[in-house]
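Enquirer: Build me a structure from this.
(2 chains)
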Protein chains: 2
Amino acid sequence: MRRMAYELHYWPTIQGRGEFVRLALEAAGAPYIDVARGTEAQGRGVPAMRRLQQDRSQTQPPFAPPFLKDGDIVVGQTAVILQYLAPELKLVARSERARVWTQQIQLTIADMVTEAHDTHHPIGSDLYYEDQKPEALRRARWFCGTRLPLFLQWFESIVQRNPAGPRHLVGGKLSYADLSLFQLVQGLRHAFPETTARALAKAPGVVQLHERVAALPKVKAYLQSERRIPFNEQGIFRRYPELDIG
Amino acid sequence: MRRMAYELHYWPTIQGRGEFVRLALEAAGAPYIDVARGTEAQGRGVPAMRRLQQDRSQTQPPFAPPFLKDGDIVVGQTAVILQYLAPELKLVARSERARVWTQQIQLTIADMVTEAHDTHHPIGSDLYYEDQKPEALRRARWFCGTRLPLFLQWFESIVQRNPAGPRHLVGGKLSYADLSLFQLVQGLRHAFPETTARALAKAPGVVQLHERVAALPKVKAYLQSERRIPFNEQGIFRRYPELDIG
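Expert: As a prediction, the model looks like this:
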């Protein structure tokens, strides 16, 4: 397919934002190396990720992981990585209008991911959850009560309004936005099971789209493989039952 | 120049995220209508913005302001609007690599804008600042002490490493990322004057880039016009002296 594998650089023990990139690469069957999950003996691992990020000869250094190395190009910011990869992975339509819309959806997913993260870290990522628990409870009340239903209703409305039908978010083909919405729903169900179930009861189009993505052979194989890192309490989506208060 | 004016839809009393779009349109001298700042008698004002956002016949409805209407295309998400406008406004280079890099910088600016906002609203935008002041003080300590210097050092490093020289962020020409960095620095200086001064003392390239953008004739004229809304305590960048604690 291509001359060389993509190199994905991301934290090796969490799904996090890197998972949106992993899913796109997996769904497309693209060759890639998950660099920081390799060993130092191979010249990989977290030190290799740090070396690239801190390399002073890089004129386009990424601010933070995830970032993608494709030959001599290094691309950071999850949504930009996806936009960059999508044409080659055939995960976006050709028309400019469809591409703009796909990216608009992606950035709205990214906004919701940030808000989901901030339920357990409203004060700062430098502190433990335990050190910001009262604040987390207050923030989660707003997220579960207002923001989560609002975002999911928006996704439902755009699925239902897709002129090509509700099988995809954009047009009649799979795009990276579909994969990212799948991952978002996975995460919300993990972190906020009751709130999410209640909101999804009013979003049947989102539920069906999620199921269709989960059933794609390459996605299904990936989810059952060891390459898929389970959710855990270091990632973005954490199951703290006290925060599921919608 | 073009057949019709762009329509920008954004809250009429704040700079907010819409300001990044206003600045690009102004710097390019592009014709635009700031819809929500018009009167209802003209068919404008906030009701016109709401009507478009809530129009059920829109198949690509924006999640939130700002959004741009260009003929029958509606584009939401600040960074996507800028990416959409940039080729016509000549605010981005032609090469794909430069475009990807410009957008990566823009999304990093957007991340910092969100973090700056969350210093005064760590718990939720549905509550007043006064109702989340202790939390805001904690969050601001992290932002001013860690995040603000970290972001500004990254901008400094990429300005200094630009192979075309430190006059711009990308290549040898003005891009929307330069305009957005200008606006970010304006906002930080307004909201966190002491912390920002200290961080900018170590970022001479960012300071000079900011000055060059401010001196561009069209930008200068805009900043002195009534079209530029002053900073205030409803926007993203608010001067609460107690939060300037870097």
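
Enquirer: Which secondary structure state does A:Ile33 sit in?
Expert: strand (DSSP: H, G, I helix; E, B strand; the rest coil).

Enquirer: pretty sure A:Leu91 contacts A:Ala27?
Expert: Yes. Here A:Leu91 lies in contact with A:Ala27, judged by Cβ atoms under 8 Å, at a distance of 7.1 Å. (Each C-beta comes from the backbone N, C-alpha and C, glycine too.)

Enquirer: Quick check: neighbours shared by these two?
Expert: A:Leu174, A:Leu179 (Cβ atoms under 8 Å, 6 or more residues apart in numbering or on different chains).

Enquirer: In chain A, mark out all the strands, start to finish.
Expert: A:6-9, A:32-34, A:67-70, A:73-76 (DSSP state E).

Enquirer: how about a markdown table for the ones you listed, with mean neighbour count and mean pLDDT added?
Expert: What follows is the strands of chain A, written out as a markdown table (neighbours: other Cβ atoms under 10 Å in any protein chain shown; pLDDT from 0 to 100):
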| stretch | mean neighbour count | mean pLDDT |
| --- | --- | --- |
| strand A:6-9 | 23 | 98 |
| strand A:32-34 | 18 | 98 |
| strand A:67-70 | 22 | 98 |
| strand A:73-76 | 21 | 97 |
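
Enquirer: For B:Ala110, which of those strands is the nearest?
Expert: Minimum separation from B:Ala110 across these (Cβ to Cβ) falls at strand A:73-76, 13.0 Å.

Enquirer: what's the longest helix along chain A packed up against?
Expert: As assigned by DSSP state H, the longest helix anywhere in chain A is helix A:96-120. Packed against helix A:96-120, as judged by 3 or more Cβ pairs under 8 Å, 6 or more residues apart in numbering or on different chains; DSSP states H and E, are the following elements: helix A:78-89, helix A:133-142, helix A:148-161, helix A:176-191, strand B:73-76, helix B:78-89.

Enquirer: Of these, which is nearest B:Gly246?
Expert: helix A:133-142 (20.6 Å).

Enquirer: domain parsing for chain A?
Expert: Split into domains by automatic domain parsing, chain A comes to A:6-89, A:96-243.

Enquirer: among the strands of chain A, which is nearest chain B?
Expert: With Cβ to the nearest Cβ, the closest approach to chain B among the strands of chain A belongs to strand A:73-76: 5.3 Å.

Enquirer: Any part of the closest one near chain B?
Expert: Yes. Using Cβ under 8 Å from any Cβ of the partner chain, we find that strand A:73-76 touches chain B at A:Ile73, A:Val75, A:Gly76.

Enquirer: correct me, but the second one touches B:Val100?
Expert: Yes. Checked against Cβ under 8 Å, the pair A:Val75 and B:Val100 is within contact range at 5.8 Å.

Enquirer: Find the residue closest to A:Tyr10 in space, skipping its chain neighbours.
Expert: Of all residues not flanking A:Tyr10 in the chain, A:Gly18 sits nearest, at 3.0 Å (Cβ to Cβ, 6 or more residues apart in numbering or on different chains).

Enquirer: Would you quantify the distance from the one you found to A:Leu169?
Expert: A:Gly18 sits 21 Å away from A:Leu169, going by Cβ to Cβ, to the nearest Å.

Enquirer: show me what contacts A:Ile33?
Expert: Listed by Cβ under 8 Å, 6+ apart, the contact partners of A:Ile33 are A:Ala5, A:Tyr6, A:Glu7, A:Leu8, A:Arg44.

Enquirer: And these, which two are furthest apart?
Expert: A:Tyr6 and A:Arg44 (13.9 Å).

Enquirer: ok so, going back, could I get the strands of chain A as CSV with distance to A:Glu226?
Expert: Converted to CSV, the strands of chain A look like this (distance: least, Cβ to Cβ, whole Å):
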stretch, distance to A:Glu226
strand A:6-9, 16
strand A:32-34, 11
strand A:67-70, 22
strand A:73-76, 26
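
Enquirer: From A:Arg167, how far out is A:Glu211?
Expert: Distance from A:Glu211 to A:Arg167, by Cβ to Cβ: 11 Å.

Enquirer: So these two - more neighbours on which side?
Expert: A:Arg167 (16 against 11; other Cβ atoms under 10 Å in any protein chain shown).

Enquirer: and the nearest residue to that one once chain neighbours are set aside, how far is that from A:Phe231?
Expert: Closest residue in space to A:Arg167, ignoring its immediate chain neighbours: A:Arg212 at 6.6 Å, by Cβ to Cβ, 6+ apart. Separation of A:Arg212 from A:Phe231 (Cβ to Cβ): 21 Å.

Enquirer: Which of those two has more residues huddled nearby?
Expert: A:Phe231 (19 against 16).

Enquirer: Pretty sure the more buried one sits against A:Thr13.
Expert: No. Between A:Phe231 and A:Thr13 there is no contact under Cβ under 8 Å: 11.5 Å.

Enquirer: Show me which residues of stretch A:76-95 are buried.
Expert: A:76-86, A:89, A:91-93 (16 or more other Cβ atoms under 10 Å in any protein chain shown).

Enquirer: Minimum distance to A:Arg50: which of the helices and strands packed on helix A:96-120 has it?
Expert: helix A:78-89 (18.4 Å).

Enquirer: related to what we said a few turns ago, TSV for the contacts of A:Ile33, including distance to chain B?
Expert: Converted to TSV, those look like this (distance: Cβ to the nearest Cβ, whole Å):
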residue	distance to chain B
A:Ala5	19
A:Tyr6	14
A:Glu7	16
A:Leu8	16
A:Arg44	23
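
Enquirer: low-scoring pLDDT stretches of chain A, where are they?
Expert: A:1-3 (pLDDT under 70).

Enquirer: if you set the cut-off to 80 instead, what comes out?
Expert: A:1-3, A:246 (pLDDT under 80).

Enquirer: From the residues of strand A:73-76 next to chain B, pick the one nearest B:Leu216.
Expert: A:Gly76 (27.9 Å).

Enquirer: Quick check: that closest one touching A:Pro62?
Expert: Yes. Between A:Gly76 and A:Pro62 there is a contact at 2.8 Å, judged by Cβ under 8 Å.

Enquirer: hey, what's in contact with both of the two?
Expert: B:Gln104.
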